[in-house]
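Asker: Build me a model:
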Amino acid sequence: MRKPDPNAKTNQLVIKSDDPLDVQKFQAVREIVARNSDLTIKKALMPGVDLFLRKHNWPPGNSQTVLNSFGAKVKKECPWCGLAVDRLYKTEFISGLVTSICKGCLDDQNEKTTVKRVVEVT
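Answerer: Down below sits the predicted model:
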């Protein structure tokens, strides 16, 4: 693999991965960009870069993290349905899986009789 030229007049992004699936994904992005004349690698990747920077409070200035709550409860996201809820139920299933789910998902799984027990409420 060729190393980036430190004296180049343009900025370069070099992405290296040991995971073959990551390599396939980046190759797929390059192929899709090549097929679409109105698309560039920059246009394909910048929404993800913008999201990452917004999440980490960029541009710099006041580097303090924004307070999520002050005297209020922080909502938790259910990993199954993605719903923001006040509490999650740590549940053990008959299969041996232990995970935290919301009340709606818990009720749904209880109807299917796949729940062994609720371990704790968080």
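Asker: contacts, neighbours, all on C-alpha from now
Answerer: Noted.
Asker: what's around Thr114, how many residues?
Answerer: 14 (other C-alpha atoms under 10 Å).
Asker: ok, now which ones touch it?
Answerer: Residues in contact with Thr114, defined by C-alpha atoms under 8 Å, 6 or more residues apart in numbering, are 93-95.
Asker: Show residues contacting stretch 17-34.
Answerer: Under C-alpha under 8 Å, 6+ apart, the answer for stretch 17-34 is 39-41, 44.
Asker: Revised request: answer the last question for stretch 98-111.
Answerer: Here stretch 98-111 has contacts from 78-81, 83, 85, 87-92, 115, using C-alpha under 8 Å, 6+ apart.
Asker: Can I get those residues in JSON lines including secondary structure, neighbour count and pLDDT?
Answerer: Formatted as JSON lines, these follow (DSSP: H, G, I helix; E, B strand; the rest coil; neighbours: other C-alpha atoms under 10 Å; pLDDT from 0 to 100):
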{"residue": "Cys78", "secondary structure": "coil", "neighbour count": "21", "pLDDT": "87"}
{"residue": "Pro79", "secondary structure": "coil", "neighbour count": "14", "pLDDT": "86"}
{"residue": "Trp80", "secondary structure": "coil", "neighbour count": "11", "pLDDT": "83"}
{"residue": "Cys81", "secondary structure": "coil", "neighbour count": "11", "pLDDT": "86"}
{"residue": "Leu83", "secondary structure": "coil", "neighbour count": "15", "pLDDT": "86"}
{"residue": "Val85", "secondary structure": "strand", "neighbour count": "15", "pLDDT": "89"}
{"residue": "Arg87", "secondary structure": "coil", "neighbour count": "18", "pLDDT": "88"}
{"residue": "Leu88", "secondary structure": "coil", "neighbour count": "22", "pLDDT": "89"}
{"residue": "Tyr89", "secondary structure": "strand", "neighbour count": "18", "pLDDT": "89"}
{"residue": "Lys90", "secondary structure": "strand", "neighbour count": "18", "pLDDT": "89"}
{"residue": "Thr91", "secondary structure": "strand", "neighbour count": "21", "pLDDT": "88"}
{"residue": "Glu92", "secondary structure": "strand", "neighbour count": "18", "pLDDT": "88"}
{"residue": "Val115", "secondary structure": "strand", "neighbour count": "20", "pLDDT": "82"}
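Asker: I'm done for today, thanks for sticking with me.
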